[in-house]
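[1] sequence-free structure coming up:
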């Protein structure tokens, strides 16, 4: 959340993430502004919601708030402080990206090593404290966020505790925004409803960029080629009974010829 502190005609802009913050001029204050008394304000930020409590009386747009009472302060309102000091809560900047964002994102990816093929879809962190970390999307639901319950937990203060969710159904992956104040973007386009993911898409949560890699598809199975069988042997021919008589007659004639030849040579 963005703020501006005004004192003696000087404006000091600053930004705070979600959580509790102590603001004042003391050494133990999380946000130290020299002109303020120590431990003056306690700011509790949760998404777009800001609760302010002070150790002294303050006002919001001129309406007095007693010390120790928490007051909801909306973007655009001004917290009046002692000695004409003021703290302005700035409205959120427009979250729609221009058409050039996609080109910027793709330019960031130029020169990066191609991801290693994987049988599971993955998200690889490209920026921030988790840069280089790869998470496999093996479950039907993957929760993305900063909270303890997130499946993929990101160390990014601009990411909500429950920021986004990825659905996996029969090889199709879709991304859903869980109502995060900073939104979810795919290739620079804000996710308004569930959006399908394709290989190489860049997912943006807060200040974190993640690259989606689709799973490696199995090659189609080729039918087995049946082994060629050797040619069948020709069927054996059966000899008829008449052919047997001819064979026997020929054998008898040949034997008689041998006997005659033997008698002539010995006589």
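    Yes, it's here. This structure is a prediction, so every number in the text was calculated from the model and none was measured. Residues are numbered from 1 along each chain as shown.
[2] Show me how the protein divides into domains.
    As given by the TED database, the domain ranges for the chain are 2-89, 115-213.
[3] Please indicate which of the ones you listed has the most neighbours on average?
    domain 115-213 (a mean of 17; mean count of other C-beta atoms under 10 Å). C-beta here means a position set from N, CA and C on the backbone, and glycine is covered the same way.
[4] Distance from the chain centre to that one, please.
    Put simply, domain 115-213 sits 4 Å off its chain's centre (C-alpha atoms, centre = their mean, to the nearest Å).
[5] for stretch 74-88, same thing?
    Centre to centre, stretch against its chain (C-alpha atoms, centre = their mean), the figure for stretch 74-88 is 41 Å.
[6] What's the mean pLDDT across that stretch?
    Stretch 74-88 carries an average pLDDT of 89.
[7] same question, stretch 158-165
    Here stretch 158-165 scores 92 as its mean pLDDT.
[8] what about it, how long is it end to end?
    16 Å (C-alpha to C-alpha, to the nearest Å).
[9] which residues does residue 64 bridge with?
    Using DSSP bridges, the beta-bridge partners of residue 64 come out as residue 59.
[10] just checking, it touches residue 54?
    No. Counting by C-beta atoms under 8 Å, residue 64 does not reach residue 54; the two are 10.9 Å apart.
[11] Double-check that residue 52 belongs to a strand.
    Yes. Counting by DSSP: H, G, I helix; E, B strand; the rest coil, residue 52 is part of a strand.
[12] Now do the contacts for it.
    Neighbouring residues of residue 52 by C-beta atoms under 8 Å, 6 or more residues apart in numbering: 41-44, 58, 60, 65, 70-73, 79.
[13] all helices for the protein, in order.
    Assigned by DSSP state H, the helices in the chain fall at 100-109, 241-266.
[14] hey, where'd the strands end up in the stretch 1-150 of the chain?
    Ranges of strands within the stretch 1-150 of the chain are 2-7, 10-15, 19-24, 31-32, 41-46, 49-54, 58-60, 63-65, 71-72, 78-80, 86-89, 122-125, 134-136, 141-145, based on DSSP state E, counting those that start in this stretch.
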